[in-house]
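In: no letters, just coordinates:
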């Protein structure tokens, strides 16, 4: 399978890679003129690129006409994830990107064990994790990872941006399948899913989520770990929206 790279420098039948991606293709993969790669413009359009020139820090291509990426789901899903401890967020980001998430937004809440520390530097690492996961699994866009929100009120303030907000509460809620079997769940295109940290959610946070329009959803009779819940949730949402069949 051809290697996959993202570039903004594509158009008029030509494209180019610069910097670290060019170095990786030319020096690590030892690509040759005439070889093909898959180039993505980060907007779910892909191209077959044929290498025409290899220079220090730059590789140039001719490209085919763009075609829609088959890897992108029909829904845009944002994961709001309670900030976990011990570096678990990297795995959550990696696996969420593989499952089709568009955006990951960590947040701190009342019962978070982790505390904010050097978040700007961490975010650079998290964004690299998302990019590498997108390349590995064949995504047509580059999912984003935001800096963490400071509290749960800041999370609730974002709910107005979505067609459907699913708040997954350890104390239970409605069936996820029922949500997608009726309006507005079966029409939602922009979906937010909210999962907690190790400590779960305070009762007042659950009440606030409902007040701001979230649907409180349960995940069955077992309590899932904070790193397991997002993967279960995203798998279920992608399946129920016809994107994981």
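Out: Nice, I can see it. In this text, all values refer to a predicted model and were calculated from it rather than measured experimentally.
In: could you pull up the residues touching the residue nearest to residue 26 when sequence neighbours are not counted?
Out: Closest residue in space to residue 26, ignoring its immediate chain neighbours: residue 54 at 5.0 Å, by CB to CB, 6 or more residues apart in numbering. The C-beta positions use only the backbone N, C-alpha and C, and glycine is treated the same way. By CB atoms under 8 Å, 6 or more residues apart in numbering, residue 54 lies in contact with 26, 31, 32, 33, 60.
In: and if you look at residue 5?
Out: 17, 21, 25, 37, 38, 39, 40, 135.
In: assumed the first one was part of a strand.
Out: In other words, residue 17. Yes - Residue 17 forms part of a strand when assessed by DSSP: H, G, I helix; E, B strand; the rest coil.
In: for stretch 152-161, what is the distance to the chain centroid?
Out: The chain centre lies 18 Å from the centre of stretch 152-161; the measure is CA atoms, centre = their mean, to the nearest Å.
In: so for that stretch, what gets flagged as buried?
Out: 152, 155, 156, 158, 159 (16 or more other CB atoms under 10 Å).
In: same deal with stretch 206-219?
Out: So, applying 16+ other CB under 10 Å, buried residues of stretch 206-219: 206, 208, 209, 210, 212, 214, 215, 216, 217, 219.
In: minimum pLDDT in those residues, which residue is that?
Out: Ranked by pLDDT, the buried residues of stretch 206-219 bottom out at residue 219, which has 88.
In: tell me how far the spatially closest residue to it that is not a sequence neighbour lies from residue 129.
Out: Using CB to CB, 6+ apart and skipping residues adjacent in sequence, the residue nearest residue 219 is residue 168, 5.8 Å away. Distance of residue 168 to residue 129, given as CB to CB, to the nearest Å: 23 Å.
In: where does the prediction get shaky in this protein?
Out: 1, 185 (pLDDT under 70).
In: would you point out which residue is most central in it?
Out: residue 101 (3.3 Å; CA atoms, centre = their mean).
In: quick one: the one helix or strand residue 125 maps to to chain centroid distance?
Out: Assessed by DSSP states H and E, residue 125 sits inside helix 119-137. Counting by CA atoms, centre = their mean, helix 119-137 is centred 10 Å from the centre of its parent chain.
In: the next helix or strand after it packs against which elements?
Out: Scanning forward in sequence from helix 119-137 by DSSP H and E, the next helix or strand is strand 144-145. Secondary-structure packing of strand 144-145 (3 or more CB pairs under 8 Å, 6 or more residues apart in numbering; DSSP states H and E): strand 103-107, helix 119-137.
In: on that earlier part again, using the three-state scheme, assign the residue nearest to the centre of the chain.
Out: Per three-state DSSP, residue 101 ends up coil.
In: thinking it is in contact with residue 77, fair?
Out: Yes - here residue 101 reaches residue 77: they are 5.2 Å apart, a contact under CB atoms under 8 Å.
In: who touches both of those two?
Out: residue 234.
In: count the residues that sit near residue 193.
Out: Residue 193: 26 surrounding residues under other CB atoms under 10 Å.
In: show me the contacts of residue 5 that map onto helices.
Out: 21, 135 (DSSP state H).
In: and the contacts of residue 5, which two are furthest apart?
Out: Farthest pair in the contacts of residue 5 (CB to CB) is 25 and 40. Separation: 13.9 Å.
In: now do the helices in this structure.
Out: 19-23, 88-98, 119-137, 152-156, 176-180, 203-211, 229-240.
In: can you list the neighbours in contact with the fourth one?
Out: Under the contact criterion CB under 8 Å, 6+ apart, helix 152-156 has outside partners 80, 105, 107, 109-110, 149, 194, 201, 205, 208-209, 211-212, 214.
In: okay, these in CSV with distance to residue 48 next?
Out: Converted to CSV, these look like this (distance: CB to CB, whole Å):
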residue, distance to residue 48
80, 36
105, 34
107, 40
109, 45
110, 50
149, 40
194, 39
201, 47
205, 48
208, 49
209, 45
211, 50
212, 45
214, 42
